[in-house]
Structure formats: structure tokens, C-alpha cells
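> Need coordinates for the following:
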Amino acid sequence: MVKQDALMESLSSNLHGFLNQIHNLSAPDKKFLRDGFIGLVRAGHPIVCQMARDIPNQSAQYITRVKRMDLHLIDKNEFDQKVKQSLAAIWAPMITHATPLILDLSDIANPLATQMDYLATVRDGSTGQLVNGYWLAEMYASIGRKNPLPILLEPFGHEQPQCRGQNPVVIDALRRVFTATEGRGVLVVDRGGDARVFLDDWLNNKYRFVVRMRRDRDLMRFYAACGALDKGQWIAMQSRELAERTSDTTSMVKGGQVKGS
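Numbers count the residues shown, from 1 in each chain. Take a look at the predicted model:
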């Protein structure tokens, strides 16, 4: 119990210092963020009545805390957009040209959800079954040896208005990240990052990136004709060949063309 109290005190102190750096939120909005986060950690569930019960050091009555949190959650004052704008202003200066920006395409499984807006069908990693939930685009910046810095967490569903699918959502999110960093950072993508639509966009926007290719896919480079009868040919580039032939593999890949699925 002593360790839990010490952890809550540390979280509250760090959160207070972080919120002081956000300048476009009112005092009630900051209080809601602080109380909501601490209540969520203590309760362990995103249920307002339980979160309100676990908010520490509160003189207001329980029912008052519940109503206050409900009002903030349903208030249409672009609260989430203000938070996103403030967060980018905080983490963007920390990104250098060599900072790895790690993209993770994941999902949130919520098999019991039936009334939540724009639910999608995702695979529950614990059971392997297809259930209700949301797709998730996450990005973290590796700025040190400690915990990575979260810079993007965007849930979405295919049924959302104007949602054209996962690829356009991911591309738009990355453009916003690189706009905030003014092009700084090296994109790192594991599974699902070698799709043609991604590579074309990243090459066209001159992003620096590292992507793990699927075994049945190759990065192709076109070698121009050497003679009158030679029409040129596409050659699969091996990772070892790229590393041996140039110290800057990114420029070599950018200088060619991409062919594939």
C-alpha cells in the first residue's frame, strides 16, 4: 500500500509538471486531465463512476465528481484537438534528424462492446477470434535508453465518416508527425510497412525510413539501358548489397524506383 501511494504521488507530481507546459487549456480542463488520469490508474477501468470514486484528496461529494467528469467528456469544445496541438509543441523539439520514430500498427479488442461508435472487427490477440474493437496507429520516439516517448495514439474504425481505410489513416498521421518535426526523424516500421502505397508516399515525401520487407516481396531498382538493344531491367536489391555499396542506404533507395505489390 505504501508503494502504491508513493507511485500515485509520483504520477501526480509528474503530471502536474507536464500540464503546466500546456498553455491552451483552461484550469478546469487541466484538472479534468489530472483527475481523470489518476482515477483511471487507481480504478483500473475506464468507467466514470469508478474513476470518480478513486480520485484522491477530493473535498467535493462523490456525485459531484461524477457529474463534473461527465460534463467534460460530453462537452463539444474540441478538447481533444487542443490536447493534440499542445502535445506536438512539447515533443517535436526533442526530435533530431537521427531520432527513430517507431510506427506500430495494432488494435484494441473490446469483445463486449456493442453500443460504441464506429466499431470495427479486429483480431483478439489473446483468443485469436474476430471481435469488436478499433484499429490503432501508434508511434513512439526513441530519444534515450529509458522509456520511449509516445507521440501518436490514434484509434479508428472503418465505419467512421470519411475513413477510407487503414492505409490513408496511417499516411495522414505520419504526414502530421513529420510536419510537426519539420522532416526530422527516421521512420521505423516492422510488419505491414512494406506495402506499395506506403513506400511510394514516403519516397515522394523524402522521409528517411527503415522497413522490414516480407519474405515474398523485394525492393526493385531499375537499371537503365546500357546499349541500343538493351531496354533496362528491374533488379531485386538485397539488404546486404545496399549496405556494402553505399554508406547511405536511404539515398540509394530514394534514387531508384519501387516496384512491387
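> Could you check how far residue 23 is from residue 10?
Residue 23 is 24 Å from residue 10, where distance means C-beta to C-beta, to the nearest Å. Every C-beta, even on glycine, is put in place using the N, C-alpha and C of the backbone.
> Show me the shaky parts of the stretch 151-261 of the chain.
Of all residues in the stretch 151-261 of the chain, those with pLDDT under 70 make up the ranges 218-261.
> Neighbour count for residue 23 and residue 10, which is higher?
Between residue 23 and residue 10, counted using other C-beta atoms under 10 Å, residue 10 has the larger neighbour count: 10 against 7.
> Can you give me the buried ones in the helix or strand containing that one?
Element membership for residue 10, per DSSP states H and E: helix 2-19. Using 16 or more other C-beta atoms under 10 Å as the test for burial, helix 2-19 gives 12, 15, 18-19.
> Now the terminal residues of stretch 110-129, how far apart.
Stretch 110-129 stretches 11 Å from its first residue to its last (C-alpha to C-alpha, to the nearest Å).
> List the contacts of it.
Where contact means C-beta atoms under 8 Å, 6 or more residues apart in numbering, the residues beyond stretch 110-129 that reach it are 107-109, 130-135, 156-160, 163.
> List the buried residues for it?
Within stretch 110-129, the residues scored as buried using 16+ other C-beta under 10 Å are 119-120, 122.
> Please produce TSV containing these, extended by secondary structure, distance to residue 143 and pLDDT.
Output for the buried residues of stretch 110-129, formatted as TSV (DSSP: H, G, I helix; E, B strand; the rest coil; distance: C-beta to C-beta, whole Å; pLDDT from 0 to 100):
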residue	secondary structure	distance to residue 143	pLDDT
119	coil	35	81
120	strand	32	79
122	strand	30	83
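> what's the closest of those residues to residue 169?
residue 120 (11.4 Å; C-beta to C-beta).
> For the closest one, give its distance to residue 187.
Per C-beta to C-beta, residue 120 is found 25 Å from residue 187.
> What of residue 48?
Using C-beta to C-beta, we find residue 48 at a distance of 37 Å from residue 187.
> do residue 208 as well
Residue 208 sits 7 Å away from residue 187, going by C-beta to C-beta.
> quick revisit: using neighbour counts, trim the contacts of stretch 110-129 to the buried set.
When neighbours are counted using 16+ other C-beta under 10 Å, the contacts of stretch 110-129 contain these buried positions: 107, 109, 131-135, 156-157.
> The strand ranked longest in the chain pairs with which strands, and in what direction?
Counting by DSSP state E, the longest strand found in the chain is strand 130-141. Sheet pairing of strand 130-141 (DSSP bridges) gives strand 100-109 (antiparallel), strand 120-123 (antiparallel), strand 149-156 (antiparallel).
> ok, residue 33 - contacts?
By C-beta under 8 Å, 6+ apart, the neighbours of residue 33 are 15, 19, 25, 83.
> give me every residue that touches the last one.
So that's residue 83. 22, 25, 33.
> tell me which element the last one falls in.
Here residue 33, judged by DSSP H and E, is contained in helix 27-43.
> Just the CA atoms of the very next helix or strand once past that helix, as CSV, please.
Remark: after helix 27-43, the chain's next helix or strand is helix 48-53, criterion DSSP H and E. Taking Å, rounded to 0.1, in the frame of the first residue of the first chain, the C-alpha atoms of helix 48-53 are listed here in CSV:
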residue,chain,number,x,y,z
VAL,A,48,-16.5,7.2,-14.8
CYS,A,49,-18.2,6.2,-11.6
GLN,A,50,-15.3,4.1,-10.5
MET,A,51,-12.7,6.7,-11.6
ALA,A,52,-14.5,9.4,-9.7
ARG,A,53,-14.6,7.3,-6.6
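> From the chain's centroid, how far away is helix 48-53?
How far helix 48-53 lies from its chain's middle: 27 Å, per C-alpha atoms, centre = their mean, to the nearest Å.
> repeat for stretch 186-205
With C-alpha atoms, centre = their mean, you get 15 Å for stretch 186-205.
> Contacts for that stretch next, please.
Here stretch 186-205 has contacts from 97-105, 167, 170-171, 174-175, 178, 207-214, 217, 219, 253-254, 258, 260-261, using C-beta under 8 Å, 6+ apart.
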